[in-house]
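K.L.:
Predicted structure and sequence below. I'll ask about it afterward.
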Amino acid sequence: MKLSVVGYTTAVSGSNEVSVNDLKAFCGRQAGICYSEETQYFQDKTTNEGLIKRFDKVVSLGHHSIADHASITVYCEEIPKILAMLLNSLNMYTTSEKSARYTSMEGSSPLEVELYNKWARIIESEIEIGYPLKFSAREKTKLAKENARYFLSVFTPTAMSYTASLRQWNYILDWCQSLSKNLDTAVCDNNRYFVTTLKKHLNDFREGLLK
């Protein structure tokens, strides 16, 4: 058995530009494995233009799995917690998200910030009274933050790095559009703020991905 590294996601330096054609060419090369009589990976001498055409043809036939060979990492700043939760419920992804257990959260309104800070102090004080020797000062502060986060809205902004395949990103674009349309018909008069706000964030996220 011989194992070789033949492709990987590279960092984009100082730019949001990702060469979709490079990703297509890489996936197109993988598609050629299915039909090639050769056994060695690099014996496929197809040009990049030919690989892209192969990719487009295979995908047009409904064989989208080849687009899972290329991945793209997106760093999301100020993304609402609920959208991060929704993305983390989808298939085939890797995520690194700012931890509300160990970092101070900003809240999505002045009232939330006030409540968060108030209860973080109260909880830390209670931990100090109940467990004066069990935890260090740093651990007490972390535990207080971990519990105070429950006073924050699901729309609290956070930050995350999210990696998914080229195929999955296209599914996410479609999912954002579909969910946004479904929210228009949601029967939740008592939660109109929730629906309206979530819909806005879904649309903003989708537009950001398309840029």
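P.N.:
It's in. All figures in this text were calculated on a predicted structure; none of them were measured in a lab.
K.L.:
Pretty sure Phe26 sits in a strand.
P.N.:
No - going by DSSP: H, G, I helix; E, B strand; the rest coil, the assignment for Phe26 is helix, not a strand.
K.L.:
What separation is there between it and Met160?
P.N.:
25 Å (C-beta to C-beta, to the nearest Å). Glycine gets a C-beta too; all of them are placed from N, C-alpha and C.
K.L.:
between these two, which one's more packed in?
P.N.:
Applying other C-beta atoms under 10 Å to Phe26 and Met160 shows that Phe26 carries more neighbours, namely 21 against 18.
K.L.:
max-length helix in the chain?
P.N.:
Using DSSP state H, we find that the single longest helix of the chain is helix 110-130.
K.L.:
which of the residues in whichever helix or strand comes after that helix are buried?
P.N.:
For helix 110-130, the succeeding helix or strand toward the C-terminus, using DSSP states H and E, is helix 137-148. Within helix 137-148, the residues scored as buried using 16 or more other C-beta atoms under 10 Å are Lys140, Thr141, Lys142, Leu143, Ala144, Lys145, Asn147, Ala148.
K.L.:
by contact count, what packs against helix 137-148?
P.N.:
Secondary-structure packing of helix 137-148 (3 or more C-beta pairs under 8 Å, 6 or more residues apart in numbering; DSSP states H and E): helix 110-130.
K.L.:
quick one: the helix it packs on to helix 137-148, angle?
P.N.:
130 degrees (axes from the mean of the first three to the mean of the last three C-alpha atoms, to 10 degrees).
K.L.:
Centre of the chain to helix 110-130, how far?
P.N.:
Distance of helix 110-130 from its chain centroid, counting by C-alpha atoms, centre = their mean, to the nearest Å, is 30 Å.
K.L.:
and that helix, what other elements does it pack with?
P.N.:
helix 137-148.
K.L.:
what's the average pLDDT for the helix or strand that the helix it packs on is followed by?
P.N.:
Beyond helix 137-148 on the C-terminal side, the first helix or strand identified by DSSP H and E is strand 157-165. If you average the pLDDT over strand 157-165, you get 91.
K.L.:
Cheers, nothing more for now.
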